[in-house]
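Enquirer: Sequence plus predicted model, see below.
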Protein chains: 2
Amino acid sequence: MSRPNPLEIGRPATRIDGLSKAVGAERYSVDHYPEGMLWAGVKRAGIPHGRILAVHTGEAERAEGVVRVLTRKDVTGANRQGIVHKDQPVLAGSKVRHCGDPVALVLAESREALARALGLVRAEIEPLPGVFDPEEALRPDAPRVHEEHAEGNVLVRANIETGLGKTALRECPVVVRGEYEVPAQRHAFLETENGVAWLDNDGVLHMNVSTQAPFRDRFEIAHALGLNPMRIRVVAPYLGGGFGGKDGSTVQCLLGLAALHAGGRPVKMRWDREESFLAGYTRHAVRMRFSLGADHDGTLRALHCRLLYDTGAYAHLGGEVLALGMEHAGGPYRIPNVLIEGLAIYTNNPVAGAMRGFGVAQATFGIERIMDALALKLSMDPLELRRKNALRRGDRNACGVTLTASTGIESCIDELSRHPRWRERQEWKRAAPCFKLRGVGVATVHNAIGYGRGLPDTAIAKVELTPEGRFRIYSGVADMGQGNATAYAQIAGEILCQDASGVEVLQPDTALSHPSGSATAGRTTYTFGKALVKACEDLRLKLLARAALVLFVEQPEGFALLPGLIRHLPTGRDLPLARLATLLPESDRFSIREAFMPVAQDSLDSGKEFKLGYPHLLFSHAAHAAFVEVDQLTGKVEVVDYIAVTEAGRVLNPQTFEQQVQGAMAQGLGYALCEDMHIKEGRVLANNLATYIIPTTLDVPDMHCASAEIDEPSGPFGMKGVGEIGFNGPLPAVTGAVQDACGADVRRAPLTAENVLTAMRARRTGRTGRARRKS
Amino acid sequence: MSRPNPLEIGRPATRIDGLSKAVGAERYSVDHYPEGMLWAGVKRAGIPHGRILAVHTGEAERAEGVVRVLTRKDVTGANRQGIVHKDQPVLAGSKVRHCGDPVALVLAESREALARALGLVRAEIEPLPGVFDPEEALRPDAPRVHEEHAEGNVLVRANIETGLGKTALRECPVVVRGEYEVPAQRHAFLETENGVAWLDNDGVLHMNVSTQAPFRDRFEIAHALGLNPMRIRVVAPYLGGGFGGKDGSTVQCLLGLAALHAGGRPVKMRWDREESFLAGYTRHAVRMRFSLGADHDGTLRALHCRLLYDTGAYAHLGGEVLALGMEHAGGPYRIPNVLIEGLAIYTNNPVAGAMRGFGVAQATFGIERIMDALALKLSMDPLELRRKNALRRGDRNACGVTLTASTGIESCIDELSRHPRWRERQEWKRAAPCFKLRGVGVATVHNAIGYGRGLPDTAIAKVELTPEGRFRIYSGVADMGQGNATAYAQIAGEILCQDASGVEVLQPDTALSHPSGSATAGRTTYTFGKALVKACEDLRLKLLARAALVLFVEQPEGFALLPGLIRHLPTGRDLPLARLATLLPESDRFSIREAFMPVAQDSLDSGKEFKLGYPHLLFSHAAHAAFVEVDQLTGKVEVVDYIAVTEAGRVLNPQTFEQQVQGAMAQGLGYALCEDMHIKEGRVLANNLATYIIPTTLDVPDMHCASAEIDEPSGPFGMKGVGEIGFNGPLPAVTGAVQDACGADVRRAPLTAENVLTAMRARRTGRTGRARRKS
C-alpha cells in the first residue's frame, strides 16, 4: 500500500500546518475581523512610578466614533491578574508601577477613532521616585513598588543548599569566582498580543485570542472581572509565535472588560510593536555571582552563587522563573556541596515573565562561564572538564534530586567530541585570516521539562472518530509554531495506523477540548502526547471491539485498524471507518484520556520557599560548540559555525526536532550578540524592531544539529521536550569562543562589538572580574 | 460512617426498583397513555393453515372511530421478522400458517372502536390441510408450512457426535432406553405484549415497548418496514415479566407500521391474555428418544438420542433453541461416545421461541430420566450415579468442549448430599400418611451462559457522573424483573464506593444507552456487568485524576472516592462530587466500556449445522432434590419440600440470587405439574389463566436454596448467570420422586393427576416405555 505522507513516529512528517501557513490561509487570532466589531485600546501611564490623581475621560468620550471609555471603577471583579501571585491590575486605579500600566480602556468604531481618543484621555499622575536596579531595590530606604507587600521589594527569597553548602568552598584546593549579568530580552514574536471577544445572548463571554494558556485564561479573566469561569469560552488558534510571552494575561482581561461593555458587539484589541515592548512581558534581567571550588584534577567540590532576578513591576511568574534558574545554576554537573541564593525583586521596570529558557538561560551563563574560568585556571580542556563532572543517571544533581530518569549529558559530550568539525578546531583556528581572531567555545546545558513538583503537570487528550470516518484530535495545548500539532498527528497516525488524510488536529477551544495546561515548559508534546497515546490506544481498542459487533464476530481479536477501515483478518472482511462511524452514537465515537508527568519524590531540606514548580525530575540535555571570528579592530563577533548535540529522549520527528533546536539557537544567538531593550529608568529605549536588533538569517550560521537519542521510558514513544534546551547554549558558548579567540572575558551580555572591544581593552590594561554595569 | 443501604457486592442489597414497584409508581410500558393516542389492534387468521383470498376492510374503515385499516400492501419493507431466520410476516398477505397470523391492522380512537372494527374486518381464507405433529411433518407427503423452504418442514437438522458416537452403545454392558415428551409452555408474564409508538417531526420513529432486546428491535423494525435503523429510538422500561417471550418482535413491527400511518399521533397496542397465548411465542414442545450405555459400575460409556423440536409456524429462534437443547442433552456428565441427533420442525402450531431454559429444560428431562433408569437398573443411588460421572473442570463435555471455566456440579452434589433434609429422606419416606406415597427424586443440571460461539456476546456500559454529583448507569439490557438493575447499582456502588443515594440506573433507551445485546441467555449481569466493572473502574480513575487537577495536586495518587466526595488523603481535603461535576464538561463526565464473553476455542467436528450460538464455554450448575407425596387414589402429586443447590460463580446479591432460583423453581414446578396449553390441531384450548394453570404460592413448597459458590475468573466479581439454571431441575426431579414414591414412570409432562394415575395403572398392567401421545 502506498502511503504518500506517512505519519509514522521517527519520520520527518510534513508539518500539518505547513501548507496553510505558507499560502496565508491559516487564520491566526489576529486575522479575525468579525462583522460589526469595535476596536479597543489602552491608555498607558507613560511614567514608571506615580500616584494617580485623576483620569479625565470626558473629552475622549465625546469624540466621534468613541463608544465607551472605561476606568478602574468599571472593573467589577478583583481587578487583579497574575498566574501565581495576583498583583497586577487590569486597569490601574490609584498607582502606576511601570510605564506600561494601563489607566483607561477605550472602545471605538475604528482604529483611527481609537487612536484619537487615546490621545484625548488625560491621566493626572503625581510622579514618585522609582527603583530600577535590583540591588538598590533591596536597600531599606528604596522606594516601595508595592507598599502593601510585606517583604519590601522582595517577591521571593530562596536558598538551595546541599552537602556542606558554601562552607565547603574553604576546603577546595582551587576556587574561581566571577560576576555576570544578562539584560532583559523581548520575545519579538511576529504576531503581537491580540484577540477578539464578545458576549453572546446567553451571557457567555467568547474570546479568540493569541494565547499559550486558554484554559487558565478563563480563570484569570473570571477572577479579575468577577465572572463565572465556566461561562467563558476561549479559542486559541495557531499562534504567530509565543516563546512564553503569551503565557498569562496580555489582552485577555482588558478584552473581556471591553466585551462586557460593548452591547454584544465583538471587540478587537491588537497591540502594536511599541505597545508590545512596553506592556508585554520580558525575560528577566539577572545579576549573578558565582564561586566554584574543585580539586586539582578538576573534580567539582563546591558551588556558591547568588542570583538577583529583576521581576519588574509585577510578580507574574517571577518566583517560578527564579526557582527554575536556581534549580539549574549548578549545571548538569555533580557538585556535592552547594549553596544557591536567589532573589526575585520588584522594580519599576517592565514586567518580566516567562520566556524560552525560563530563568535557566540566565543562570546557565553563570555556571558555564565559571566552568570555563576553572578550565582555564586548571589548563584543562573545557569539554573534558565538563565530561569529568557530567551527571549520570542515578546521581544526585546540585539540588539533591536523584536522577532516576534518562540523563544524556555524557552522550551529548561524546557525540560532540566525535564531531569532525570539533576535531579539526585547532587547525581551523590557526587558519584565521588577517585581523580576525578565531576561537571555539563550549557549553553543556540541561533544561527541566514540565511544571515540577506542586503543580499538576497534566493533560487531557480527546480523539474522535468523525462522522466522516477520520480521526480528529482535540488538542488542549496551543501550537505556537513549535510543531506539536504535527507531533500529535503523528502519534495518532502511528497508533491508529492512518495517513495524513485520516487525521486532523483541532487547536484548543475550551468548549471542545479539555484542560491540558499551558504551552510552556517544554511539556506540550510530552504531557499531551502521553495522554494522546492513551486516548488513541483506547479508541483503537474500542473501535476494534465495535467492529466485532458490527461484523458479528464473537471476539475482538483478529481485527486490524488500517487507513480508512478496519479489517477482520481471519475472514478478510473490511469495515470502512466512515460506515462504522454512522453506526455509533456520538458519545461512543471518542476517547478522552489524561496523563500526569512524574515528579521527583526526594524529600529535600532546602528550596521550601518555592510553593510550586520545584524541583523537577526530567531534563533534556545538550552540548554546544560555537566557532567564532572576532574582528581585532572593531570587536565585532561573527559566529561562523555551530554544533548542537541534543538529548531530549527519542526524536518523534527529526525535522521539527531540528527546527526547534535551530530556532532556539538563533534566538539564543540574538541574546548572545545583539538583543538589548536598553531600559533606562524604567523606559524601554529600544522599543521596536528597528532599534531592538534580532538576528536575521544572514546572522545565523549553518548549524550542525545532531541528536544523542536515548529513551525516556516515561515519555510518549520515549521522548522529552526539546523546545527550550537549545536556547541555553549560545550565550555561554559564544562568550567562551570569544575568550578563546581574543582572551576577552565578557561578563555582560550581549556581546556587541562595543562590549567585546571594551573587554579586549580591559584585558590589555589588566582589569577583569566585575560585570560591566549597565548605565 | 453509617451506610444505611450498602451497595456492596455479596450483600443482600435492597432492590432499587422494589419500592417504586411495590407502591405502583414504576411506569411499565403498559402504563403509558400519551395524550391524543390511538389504539392499534390486529385481526388474526383464526385458522391454522390457509390461502388468503381477500381481506375485506371497507366496512371496518367506515366504522365510527376507525382511523386506518392496514393490510399487507401497506407494508413497504421486507414484511419479514425473525431474529436469525426471517420468515414471519408483519401482516400475512398470501397465506396463513397458524391461527395467530395477522391479516389486518386497525387504528382506532378507542379500544371499543378498535374491537368493533376488528369484528368488521373479514378475511376470506381458503383452508389448507395442516400439519401439527413433528413426526408427521417429516413425511414426504406432509403439508408444507413454507412451500419455498428447500428442506420441506425441516428448519434445522443437526448432529453432535463425539468419540465413536452411537456405535459405542453396542459395546456397553448395560444399556437403557426411553422416550419422553414435553408440551409447549407459555411465559404467562403479568404484563402482556404491548407498547406505544409515534413518529416525530424529524421522522424519527419512537417506541416505548415491553421488550427484552431494544437494540435489536430497531433492526427488526427497520428491515420489516424499510426504515433506517438509526432513525428508530426504542425505550425499554422495566418489564412486567419476560422469560424469553419478549425476545424478538411481538408488537414492535405492527406498532411501527401503525405509527407510520397515524399522522404523528402516538399509537398504543396491548395484547390481551388470549391474544398473548394465540400470537405470542411458546416454549418448544419436544419428543425425545434416549439410549444410554454404561459399565456395570455405572461409568457412562455412550449416549444416543434423537430430539424433535416443534418450532411451530415460523423459525423465530427454533434453530438456536434446538442447538442449546442438543448441547445440553448429555447432561453435566462425562460421556466419551455421543451421538445427538436433532431436528427443529415447522408445523401449523403457534410459534415457538425463547423461554427460560431455552431448549435445555426439555433435553434435561430426557437425560435426567434416562439417568434415573440406569440407576434403577444398576440399583445405584441416583445421586451417586451422577456424582460418579459429574464433569470436572478440564474434562471434555458431551459435545467435546474442554471445560476451561469453573465447573461446579460436584460441589453442588456434595452440598446436596450433606443437606440434613436429604440425609433424613428415608425416615421421611417411611413416615408417609395413609393413602400417600412418598418419594424423593434428584436432578443434576447445567445451563450454558451467553450466546455461544458465532454471535458476539458483548455489552457496552456507560456510567456518568451527573451534574448533581451522583452516578448514573445507562443500562443497555432490560430488567424484566430478574434484578439486574440492582446488581448494576451494586457493582457501581462497590467500585465507586457509593451508597444507594449515589447511584441510579437508567433502563435501556437506544438514544442514551449503548447496544448490549438482549436480556436473555443468563448473560445480562455477566456481560453488561463485566463492561460496567470496566466503565466504573475507568470513571473512578478519571475522576481521581480530575480531582488532582482541581485540587492542584501533581500526581493522581493518594485520592479516595467516597460517598459523595473525593478525598485527598495526605492533606484531608475533600472535593464534593457535585462540585467536581460542575467543573467538567459533559463529555468528560462519563465512561463507556465494552466487554466480550469468552467463547470455546475447541475445534469441533460436529455441530457445524449451527451457524451461531454453539458451543458454549461457561455453564452454571445445580443439584435439585424434590420431596413429593403422591395420592394413591387420585394420582395427585404434591411437592412437599425442595432443595436447590446452585453454582453460578460468586453470588453478588444473595437475595436476588435466591429470588431467581425460587422463581425458576416455581415456574419449573408449573412445567412439571400442571402447565399445558392443550394445543389441538393448531388451536390453543387453554388460552387464558383460568384454564392454563400456573402454580400459586400455595402450590410451591418452602424451598431450601443454597449456593455452592466457586469463583468464575472471567466473570464480574466472579459471577455467572443464575436466571435459567433453576428451571431445569423441577420436572425431572419431581418425575423421579413420583417414580420413587409409586413406581410410575411418567414420560410425558406435565405430571397431572390424570397422567400419574394412568402411569400407575400402566405399571400395574405391565405396560411401559412409550411416552403417552397427546391427542
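Expert: Happy to help now that I have it.

Enquirer: ranges for the strands of the stretch 51-200 of chain A?
Expert: Along the stretch 51-200 of chain A, counting by DSSP state E, counting those that start in this stretch, strands occupy A:66-70, A:80-81, A:88-89, A:95-96, A:102-108, A:122-127, A:154-162, A:174-182, A:185-186, A:194-199.

Enquirer: just how off-centre is stretch A:670-688 within its chain?
Expert: Distance of stretch A:670-688 from its chain centroid, counting by C-alpha atoms, centre = their mean, to the nearest Å, is 19 Å.

Enquirer: what distance separates the start and the end of that stretch?
Expert: One end of stretch A:670-688 to the other measures 15 Å (C-alpha to C-alpha, to the nearest Å).

Enquirer: Report the rounded mean pLDDT for it.
Expert: Mean pLDDT, stretch A:670-688: 97.

Enquirer: Return the residues in contact with A:Leu580.
Expert: Neighbouring residues of A:Leu580 by C-beta atoms under 8 Å, 6 or more residues apart in numbering or on different chains: A:465, A:469, A:543, A:546-547, A:550, A:566. Bear in mind the C-beta positions are built from the backbone N, C-alpha and C, glycine included.

Enquirer: neighbours around A:Arg306, how many?
Expert: 19 (other C-beta atoms under 10 Å in any protein chain shown).

Enquirer: swap that for A:Ala519, sorry
Expert: Using other C-beta under 10 Å, A:Ala519 has 29 neighbouring residues.

Enquirer: cool, and the one 5 residues further on?
Expert: Residues lying near A:Thr524 (other C-beta under 10 Å) number 29.

Enquirer: could you list every residue that touches the nearest residue to A:Glu193 once chain neighbours are set aside?
Expert: With sequence-adjacent residues excluded and distances taken as C-beta to C-beta, 6 or more residues apart in numbering or on different chains, A:Glu193 is closest to A:Thr250, at 3.9 Å. Contact analysis of A:Thr250 by C-beta under 8 Å, 6+ apart lists A:193, A:211, A:271, A:279-281.

Enquirer: can you pick the most crowded of the residues you listed?
Expert: Highest count within the contacts of A:Thr250 by other C-beta under 10 Å belongs to A:Thr211, 32 neighbours.

Enquirer: And the contacts of stretch A:425-434?
Expert: Against stretch A:425-434 from outside (C-beta under 8 Å, 6+ apart): A:421, A:438-440, A:625, A:627, A:629, A:740-741.

Enquirer: any idea how far A:His56 lies from B:Leu757?
Expert: Using C-beta to C-beta, to the nearest Å, A:His56 is found at 115 Å from B:Leu757.

Enquirer: the more surrounded of the two?
Expert: Neighbour count, other C-beta under 10 Å: between A:His56 and B:Leu757, B:Leu757 has more, with 19 against 15.

Enquirer: can you pull the contacts of that one?
Expert: Residues in contact with B:Leu757 (C-beta under 8 Å, 6+ apart) are B:634-635.

Enquirer: Now the helix or strand harbouring it: buried residues?
Expert: With secondary structure defined by DSSP states H and E, B:Leu757 is part of helix B:753-765. Buried positions in helix B:753-765, judged by neighbour count with 16 or more other C-beta atoms under 10 Å in any protein chain shown: B:753, B:755-760, B:762.

Enquirer: how about the residues of chain A that lie near chain B?
Expert: Within chain A, the positions near chain B by C-beta under 8 Å from any C-beta of the partner chain are A:230, A:451, A:453-458, A:460, A:462, A:511, A:514-515, A:542, A:545-546, A:548-549, A:552-556, A:582-583, A:585, A:587-588, A:590, A:592, A:594, A:596-599, A:612.

Enquirer: sorry, back to before: of the contacts of A:Leu580, grab the buried ones for PyMOL.
Expert: The PyMOL command for the buried members of these (criterion: 16+ other C-beta under 10 Å) is given here:
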select buried, chain A and resi 465+469+543+546+547+566
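
Enquirer: out of the contacts of A:Leu580, which are inside helices?
Expert: Of the contacts of A:Leu580, the ones assigned to helices by DSSP state H are A:543, A:546-547, A:550.

Enquirer: List just the nearest of these to chain B.
Expert: Nearest to chain B, judged by C-beta to the nearest C-beta, of the ones in helices among the contacts of A:Leu580 is A:Arg546 at 7.6 Å.

Enquirer: name the helices or strands packed onto the host helix or strand of A:Ala489?
Expert: Per DSSP H and E, A:Ala489 falls inside helix A:484-496. Helices and strands touching helix A:484-496, by 3 or more C-beta pairs under 8 Å, 6 or more residues apart in numbering or on different chains; DSSP states H and E, are strand A:471-474, strand A:503-506, helix A:529-550.

Enquirer: Could you export these as TSV, including mean pLDDT and distance to A:His187?
Expert: Below are the helices and strands packed on helix A:484-496 laid out as TSV (pLDDT from 0 to 100; distance: least, C-beta to C-beta, whole Å):
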stretch	mean pLDDT	distance to A:His187
strand A:471-474	98	27
strand A:503-506	98	24
helix A:529-550	97	24
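
Enquirer: So A:Cys305 versus A:Ala733, what's the distance?
Expert: According to C-beta to C-beta, A:Cys305 stands 20 Å off from A:Ala733.

Enquirer: Counting neighbours, go ahead and name the busier of these two.
Expert: Per other C-beta under 10 Å, whichever of A:Cys305 and A:Ala733 has more neighbours is A:Ala733, with 33 against 27.

Enquirer: pretty sure A:Gln362 is in a helix, no?
Expert: Yes. Membership of A:Gln362 in a helix is supported by DSSP: H, G, I helix; E, B strand; the rest coil.

Enquirer: That one touches A:Gly325, doesn't it?
Expert: Yes. Counting by C-beta atoms under 8 Å, A:Gln362 touches A:Gly325, with 5.6 Å between them.

Enquirer: Can you pull out the low-pLDDT segments for chain A?
Expert: Applying pLDDT under 70 to chain A flags residues A:1-5, A:766-775.

Enquirer: Name the SS class of the residue nearest to the spatial centre of it, please.
Expert: Of all residues in chain A, the one closest to the mean position by C-alpha atoms, centre = their mean is A:Arg356, 3.1 Å from it. Counting by three-state DSSP, the backbone at A:Arg356 sits in coil.

Enquirer: That concludes my questions; thank you for your assistance.
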